[in-house]
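[1] Just need the structure, nothing else, for what follows:
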Amino acid sequence: MDSSPKQPSPGQPAVERMARMRKPWQWLALLVISVLFAGALELAALPAALLIGPMLAAIVAGTNGATVRVPRLLFGSAQAIVGGLIAASISADIFRVFYAEWPLFLGAVTATVAASSLLGWLISRWRILPGTTAVWGSSPGAATAMVLMAGAFGADQRLVAFMQYLRVIFVSMTAAIVAKMWVETSGVEIPPIIWFPPIDAQALAATIGIALVGGLAGKLCRLPSPSFLGTFIFGALIHLGLGVPMQLPPWLLAVSYAMVGWSIGLNFTRPILRHATRALPQIVASIVALIAFCGGLAFMISHLLGIDPLTAYLATSPGGMDSVAIIAAAAQNVDISFIMALQSARFLIVLLVGPSIARLVARAVKE
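    Numbering: from 1, shown residues only. So this is what the prediction gives:
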C-alpha cells in the first residue's frame, strides 16, 4: 500500500487559508472584494453592479472555503427592501397605458414567456441543467425576483442566478448598442449617485413599516419568497391606493443588494462552477436566442403599429426593468410610459404564472 502523503489539489491551499480565517476577517475580506468588484462594474457602466459585484465576490470567497453566511433575518430584510423598491417604481400612468394597449401587451408578453419557457424546457430536456432551474433561469425580466423565488420552488438558486445575471449583462449591452444606432447619447451626462440624500423621516418610516407588515403578511399567507412578494404586493397597494410616499436611499439599496448577492454567492462551490462552465455555451446560446426573438417581436410591433423601433425594442427587451429604464432615460426620444408598462406587465405575469409553468415544464421533462 502506498503510504506517501497525497498531493494537495491546485486550489486546496487557498481554500484551507480562507477556512482557517476567523469569521470577522472573512467578512472584512468579502467586503473589500465586493467594493472592488462593484466599483469596477460601475466604472464599466454595467447594470446591477451593486448586486453583481458582491455576488461575484461571494463566489470567490465561497469557492475558496469561506464559512460565513448571511443570517436569515438580514437576508429576509434585504428581500423586503427589494420588494419595496419594485412597489415604489410602479405608477398609476402604467395602468392607463396598459388599459389602452392591453391586447398588444398581452400578446407580446405571452409570446416572450412562451419562447423563454420553450428554451427552458429544451435545456432541461437535454439535461444541460437540472430540474426547473432552466425554467427560472430563462424567465424574461425581473432577474432578482426570479432568483429570490426560484429557491422556494426547488430550483438551484445558484445556477438560476448565473443564468439571470449573465442575461442581464448581455441584454443591457445589446440594448445600449441598439439605442446608439438610433439616438446620439454621447452628450448625455449620467447624474452622480447621491449615496446619503436628505432623509424624509415620514417616507422612510412608511417604507420600513411596509417592509415589516408585508414580510409578515407574506409569511402568514405562505407566499413563496414571503419577504419579497409580501412587501411587493402590500407596498404596491399602499403606494398606489393611498398615495403613501416611499423612500429607499441608495445606501440602503446597496446594503440590501449586497446581502442578496452574498447570500447567493456564498453557496457556490467548485463543482457548481465547473457544471456552470460546462453548460456555458448552451446558456449563452439560449440568451442570444431569446434576445433575437424579442428583437423580432419588436420589429413586428414597430412595423405593424407604427411605434418607433427603439421604444419597441426596449419595451420587449428581456432584461431587468432598472437597466431598461436607465437606457430609455438616456435615449430621451422614446415613450418611457409604454416601455415601463410593458416591462411591468411582463414582470407581473411572470410572477403569477412562473410557478405553474415551472411545474408544468418539470412534469413534461420527466415524461
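[2] Show me what the helix ranked longest in the chain is packed up against.
    Counting residues, the longest helix found in the chain (DSSP state H) is helix 336-366. The contact analysis (3 or more CB pairs under 8 Å, 6 or more residues apart in numbering; DSSP states H and E) places helix 336-366 against helix 92-100, helix 102-125, helix 133-138, helix 143-150, helix 309-316, helix 321-331. In short, each C-beta sits where N, CA and C put it, glycine included.
[3] Could you check the angle that helix makes with helix 309-316?
    40 degrees (axes from the mean of the first three to the mean of the last three CA atoms, to 10 degrees).
[4] Give me the average confidence score over helix 336-366.
    Mean pLDDT, helix 336-366: 74.
[5] before we move on, what about stretch 25-34?
    Stretch 25-34 carries an average pLDDT of 93.
[6] which SS state does the residue lying closest to Ala279 once chain neighbours are set aside fall under?
    Nearest residue to Ala279 in three dimensions, chain neighbours excluded: Ile128, at 5.0 Å (CB to CB, 6 or more residues apart in numbering). Following DSSP: H, G, I helix; E, B strand; the rest coil, the label given to Ile128 is coil.
[7] Going forward, the N-terminal residue is numbered 44.
    All right, first residue 44 from here; so that's Ile171.
[8] burial of Ile171, as a residue count?
    A count of nearby residues for Ile171, using other CB atoms under 10 Å, gives 18.
[9] What of Thr175?
    25.
[10] what's the spacing between it and Met98?
    According to CB to CB, to the nearest Å, Thr175 stands 21 Å off from Met98.
[11] got a list of what Leu291 touches?
    For Leu291, the contact set (CB atoms under 8 Å, 6 or more residues apart in numbering) comprises 124, 127-128, 131, 250.
[12] Helix or strand: which one has it?
    Under DSSP states H and E, no helix or strand contains Leu291.
[13] Which pLDDT value goes with it?
    87.
[14] how near is it to Met192?
    21 Å.
[15] do Ser160 as well
    Separation of Ser160 from Met192 (CB to CB): 15 Å.
[16] of these two, who's got more company?
    Counted by other CB under 10 Å, Ser160 and Met192 do not tie: Met192 has more neighbours, with 26 against 22.
[17] Spatially nearest residue to the more buried one (excluding sequence neighbours)?
    Nearest in space to Met192, with sequence neighbours left out and distances taken as CB to CB, 6+ apart, is Ser268 at 4.8 Å.
[18] ok, now which ones touch the one you found?
    By CB under 8 Å, 6+ apart, the residues touching Ser268 are 122, 188, 191-192, 194-195, 261.
[19] For the protein, which helix or strand comes out least confident on mean pLDDT?
    helix 55-63 (a mean of 61; mean pLDDT, DSSP states H and E).
[20] Mind telling me what element the residue lying closest to Phe277 once chain neighbours are set aside is part of?
    Excluding its sequence neighbours, the residue lying closest to Phe277 (CB to CB, 6+ apart) is Gly257, at 3.7 Å. Taking DSSP H and E as the criterion, Gly257 maps to helix 244-263.
[21] how far is that helix from where the chain is centred?
    Here helix 244-263 is found 22 Å from its chain centre; the criterion is CA atoms, centre = their mean, to the nearest Å.
[22] Okay, now the unreliable bits of the stretch 94-243 of the chain?
    137, 174, 184-188, 219, 222-234 (pLDDT under 70).
[23] mind running it again at 90?
    Where the stretch 94-243 of the chain drops to pLDDT under 90, the residues are 94-96, 98-99, 102-103, 105-111, 115, 122, 125-153, 155-243.
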